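Colleague: Got a sequence here, can you model it:
(one chain, ligands or ions: 2)
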Amino acid sequence: MFNKISNRIIFFFMALVTAMTAALLIIIINQTRVYYLAIIRREMAEKVNFIDLIVKQNRARYLGGALYERQKLIRELSGIIDLRITFVDLDGTVRADSEYADIGEMDNHKYRPEIMDALTGGSGTSIRYSDTLKIDMFYYARRSGGGIIRLAKPLIEADESIARLRAYILAAGGTVLLLSFAVIVMISRRITRPINETLHFARDFSAGDFSQRIHNYSNDEIGAVQKALNRLADTAQDTINGLIEEQRKLETTIESIHDGIAVIGRDKRILIANRAFKSMLDTGSNVRGRLFFEAIRSRSLNSHLEQAHITGQPIVFDEELLNERHCEATINPVRSEGSLQGILLVLHDTTEKKKIDQMKTDLVSNMSHELKTPITILKGYLETMEQHLCDADMVSDLLKKALVNVDRQSSLINDILKLNRLETSMDFPIEVIDISDIIRSCMDILTHKAQKKNISIRFNAGGGPARIPGNRFLAEEVFFNIIDNAINYNHDGGTVDIDMKMSGATLAISIKDTGIGIPPESIDRIFERFYRVDKSRSRATGGTGLGLSIVKHAATLLNWDVTAQSDGSGTSFLIEI
Ligand SMILES: Nc1ncnc2c1ncn2[C@@H]1O[C@H](COP(=O)(O)OP(=O)(O)O)[C@@H](O)[C@H]1O
Ligand SMILES: [Mg+2]
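Modeller: Ligands and ions are numbered 1, 2, ... in the order given. Okay, the predicted model is just below:
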């Protein structure tokens, strides 16, 4: 109950008002009684004067007379002043009493307080409870001549007045208390309302709702506190927004990194994991907060992480991922003030690098093999020649064969150099070229070869544009090699159809032969270096196995698209520009 300020204010204020009202009541009642008694006393003093006078006038009757006379006188006087009268001797003996006829029965009054005071000081008063009348009696005694006159009055009238007064005061006090209660409840509400508002604000704020503000300032110290709190909330919100923004930037950065990144806390739970990490290890999207050995399914990765966790040493190793992918994993323990705080795991995908490395190795071995073959053959011819120098026909035949191999070696080296130039040089300026002209000149060079196999080449320049931007050297390489193949891998008496037309915004040129075709399992590989479906056939035609690689590189540099299709009736190459 006292936890609330308003209740405390109400309680203490009400206690104060009640105490004050009670004190007031007591003071008023006491003062009223004192006032009443003073009036009664004065009244009695006046009446004693009167009695004194009467007694003095009837001295003989009073002093000398018989008891009967005294009693008669005293009853008469009592009847006049409406008070009980007692005459007492200085030794305390009752001489007459207006109420009691049988004074002989009455006690000696010497030790009654009012009598004692009258004997010593001339007059005295006393209030006593009368057992006979069951009420308080007021006694007033004064010396008079040779004795004491005592008057007695029941206080019933005063008590009644005081009781009435008390009732009035109690009623007034009650009303005051009720009004005070209403007023104090109102005041305490007014005082505590801003405090409660501030309290709600503080609660919301501590619960993380930084958007709340106090809107109605009170115009006092609490208002100043509220303004200060609002400013505090502004600053806190700005700071938090800044932090959130920073964190967002950091998260975006980490998310956009191609390497898989994860941070694992001291408790072995994943704190951060980017998209690349999740896809590389196929962990699912919800890994944050999970134990790393539950989320990561690679045994070797987990054992390395465990090891780093124990030793606190960095580890770099190759890891095989899913789908035959590889990565270089780097585990870096994160330390702060000497103790291990967590582990940073970075997975760098090395699949492409590994593939390129493998391709380089293959290329070198292929190339050395290709280069060595004609030399070995040449060496064989030359050795045979040496042994049969006298046989002119044989020497001539061997020399021809040797020359063929020298030509092959030469064209192989030429193709290798050409391919190397295409791969490394960017020096192929864009110029205006005439596609029909280029195709025709390639056809011219190859006419002789075609005629030997009785192959006819037809070119339908159709609706294609005469001139387009490109590079003549590259374009010649594309068309020459494809038409060359269309002749080489054609049957005797076959045809090569070259067709050029616009297809939408694309210039499409198809080169279709009626040759031996390409098996479906090889169609994707024919653009690889040194790939040949039939090695001996290729060699017989003087092929190097590099023609289509040159085509692919040249087309890439020209931004052209080259695709091949083949069925039982021949092969068709489509060039889209
Ligand atoms: N028009 C075609 N018809 C059938 N096979 C072809 C055709 N063009 C290319 N090929 C196949 O693709 C291989 C690679 O061609 P290419 O790179 O030009 O090398 P090559 O020097 O052997 O001609 C050839 O050996 C051949 O097996
Ligand atoms: Mg070829």
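Colleague: in the chain, which helix or strand is least confident?
Modeller: helix 59 (a mean of 69; mean pLDDT, DSSP states H and E).
Colleague: pLDDT averaged over whichever helix or strand comes after that helix - what is it?
Modeller: Note on helix 59: by DSSP states H and E, the next helix or strand toward the C-terminus is helix 67-81. When pLDDT is averaged over helix 67-81, the result is 85.
Colleague: and what of stretch 459-469?
Modeller: 82.
Colleague: Off-centre distance for that stretch?
Modeller: Distance of stretch 459-469 from the chain centroid (CA atoms, centre = their mean, to the nearest Å) equals 64 Å.
Colleague: Outside of that stretch itself, which residues are in contact with it?
Modeller: Stretch 459-469 has contacts (CB atoms under 8 Å, 6 or more residues apart in numbering) with 430-436, 439-440, 443, 497-502, 507, 509, 577. Using the backbone N, CA and C atoms, a C-beta is placed for each residue, glycine as well.
Colleague: redo that, cut-off 6 Å
Modeller: Defining contact as CB atoms under 6 Å, 6 or more residues apart in numbering, one finds that stretch 459-469 is touched by 430, 432, 434, 436, 498-502, 507.
Colleague: how about the host helix or strand of Asp362, does it get close to ligand 1?
Modeller: Per DSSP H and E, Asp362 falls inside helix 351-387. No. Using CB under 6 Å from any ligand atom, helix 351-387 stays clear of ligand 1, coming no nearer than 10.5 Å.
Colleague: Can you give me the separation between Gln387 and ligand 1?
Modeller: According to CB to the nearest ligand atom, to the nearest Å, Gln387 and ligand 1 sit 33 Å apart.
Colleague: Quick check: the farthest pair among the contacts of stretch 459-469?
Modeller: Using CB to CB, the contacts of stretch 459-469 span at most 25.4 Å, a distance reached by Ile430 and Asp499.
Colleague: Tell me which of these two has more neighbours.
Modeller: A count of neighbours by other CB atoms under 10 Å puts Asp499 above the other of Ile430 and Asp499, at 17 against 11.
Colleague: mind listing what's buried in the one helix or strand the more buried one maps to?
Modeller: Counting by DSSP H and E, the element that carries Asp499 is strand 495-503. For strand 495-503, the neighbour count (16 or more other CB atoms under 10 Å) marks 495-500 as buried.
Colleague: in the stretch 451-577 of the chain, which spans are helices?
Modeller: Assigned by DSSP state H, counting those that start in this stretch, the stretch 451-577 of the chain shows helices spanning 472-488, 520-523, 535-540, 547-558.
Colleague: Any chance of a markdown table for those, columns mean neighbour count?
Modeller: What follows is the helices of the stretch 451-577 of the chain, written out as a markdown table (neighbours: other CB atoms under 10 Å):
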| stretch | mean neighbour count |
| --- | --- |
| helix 472-488 | 22 |
| helix 520-523 | 12 |
| helix 535-540 | 13 |
| helix 547-558 | 21 |
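Colleague: May I see those arranged in CSV, with mean pLDDT and distance to Gly568 as well?
Modeller: Shown next, in CSV, are these (pLDDT from 0 to 100; distance: least, CB to CB, whole Å):
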stretch, mean pLDDT, distance to Gly568
helix 472-488, 96, 16
helix 520-523, 93, 11
helix 535-540, 84, 17
helix 547-558, 95, 21
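Colleague: for these, which one sits closest to Leu67?
Modeller: helix 547-558 (160.1 Å).
Colleague: quick one: the closest one to chain centroid distance?
Modeller: 55 Å.
Colleague: So what touches that helix?
Modeller: The contact list for helix 547-558, computed with CB under 6 Å, 6+ apart, reads 418-419, 422, 428, 470, 474, 477-478, 481, 526-527, 529, 562.
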